[in-house]
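**Q** only geometry, no sequence info:
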């Protein structure tokens, strides 16, 4: 869970120092020594995305299967930030490396530093509902006396979690073939936390179905409101002309410009600043993407109709 520019810099440093590609370095120094036979970077020579399990994106609270895999051609999936492919078995092997004090890959002192309590930064509420700190890729928290380390992630159609509990010699990883930024991703984190709790003899938190349903109902109502507001100007043209027939034409022009040019243009410019780009919005919230496109087109179309009928 690190920011994309920093992981790109990390890759560049490795390639500059070693003279090898990031893919070659990870294969030689991590994957092969640990016996992770199904793990590779997405830009490696042996990358085979044809065997990917199809993930699911959320549309208005309903999971819909994706019909395409992921590759570097997507433009946003890049090693090492989001471009390492693995499975549950290999991730289990990877977590065993931590429980085995580094195994064949890291020195004991390196593992000790990674899992130390010092120098972590506050990272808010953990997936266990406790306070947490973040250090070198791992969140750390205390769950009923147990020191727990975890990292979670969700991308286009998939989610994952890895949890370490060194004092109990327990580790667990979970992979999900869906992602849902509105509610589902938080609930998969809760599921992962619950499994970890059960493994160490603690009680798992009960998850109420309403925690999934209510957020989606609220968001869907917002979508509906946006669409209604976008189409109202188009379907009330006759009433608008009747209401403003005695008004100064300059005021009508200004109002039309704000509604049919200003608002949709502002949406086009502002939304990418919030979610990086329209293409990114389509990947993480496809329903919001299509609602936004329809609303913007409706506002522009309403302006064109009014101009023609003026």
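**A** Received, thanks. Source: prediction; values computed, not measured.
**Q** From now on I want contacts and neighbour counts done on CA atoms only, so please keep to that.
**A** Fine.
**Q** Confirm that residue 58 sits in a strand.
**A** Yes. Under DSSP: H, G, I helix; E, B strand; the rest coil, residue 58 sits within a strand.
**Q** Is it in contact with residue 179, as I believe?
**A** Yes. Using CA atoms under 8 Å, residue 58 is in contact with residue 179, at 6.8 Å.
**Q** Got the phi and psi for residue 179?
**A** phi -140, psi 140 (degrees, to the nearest 10).
**Q** That one and residue 155, how far apart?
**A** Distance, residue 179 to residue 155, using CA to CA, to the nearest Å: 7 Å.
**Q** hey, what's in contact with both of the two?
**A** Shared contacts of residue 179 and residue 155, defined by CA atoms under 8 Å, 6 or more residues apart in numbering, are found at residue 284.
**Q** Name the residue in those two with the higher neighbour count.
**A** The residue with more neighbours, out of residue 179 and residue 155, is residue 179; 26 against 18, by other CA atoms under 10 Å.
**Q** Distance-wise, check the more buried one relative to residue 283.
**A** 10 Å.
**Q** Can you pull the residues that touch both of the two?
**A** By CA under 8 Å, 6+ apart, the residues touching both residue 179 and residue 283 are residue 156.
**Q** where does the stretch 101-250 of the chain have low pLDDT?
**A** The stretch 101-250 of the chain contains residues with pLDDT under 70 at 240-241, 243-248.
**Q** Now residue 299: closest residue in space that isn't a chain neighbour?
**A** Spatial nearest neighbour of residue 299, excluding adjacent residues (CA to CA, 6 or more residues apart in numbering): residue 260 at 5.0 Å.
**Q** With residue 44 instead?
**A** In space, residue 44 is closest to residue 23, 5.5 Å off (CA to CA, 6+ apart).
**Q** Regarding the one you found, which helix or strand does it belong to?
**A** Using DSSP states H and E, residue 23 sits within helix 22-26.
**Q** Rounded mean pLDDT for that helix, please.
**A** What helix 22-26 shows for mean pLDDT is 88.
**Q** Please state the offset of it from the chain centre?
**A** 25 Å (CA atoms, centre = their mean, to the nearest Å).
**Q** what's that helix packed up against?
**A** On a contact count with 3 or more CA pairs under 8 Å, 6 or more residues apart in numbering; DSSP states H and E, helix 22-26 meets helix 4-18.
**Q** Give the other helices and strands that the helix it packs on contacts.
**A** Using 3+ CA pairs under 8 Å, 6+ apart as the contact criterion, the elements in contact with helix 4-18 are helix 22-26.
**Q** Following element in sequence after the helix it packs on, please.
**A** Next in sequence after helix 22-26, counting helices and strands by DSSP H and E, comes helix 32-34.
**Q** Pairing partners for the next helix or strand after that following helix, with directions?
**A** Following helix 32-34 in sequence order, the next helix or strand is strand 40-41 (DSSP H and E). Next to strand 40-41 in the sheet, as set by DSSP bridges, lie strand 84-85 (antiparallel).
**Q** Identify each buried residue in the longest helix seen in the chain, please.
**A** If you go by DSSP state H, the chain has its longest helix at helix 210-235. Using 16 or more other CA atoms under 10 Å as the test for burial, helix 210-235 gives 212, 216, 220, 223, 226-227, 230-231, 233-234.
**Q** do the same with stretch 143-160
**A** For stretch 143-160, burial by neighbour count (16+ other CA under 10 Å) applies to 143, 147-160.
**Q** same check, this time on stretch 254-269
**A** Residues of stretch 254-269 classed as buried: 256, 259-261, 264 (neighbour count, 16+ other CA under 10 Å).
**Q** I'd like to know how many residues surround residue 95.
**A** 18.
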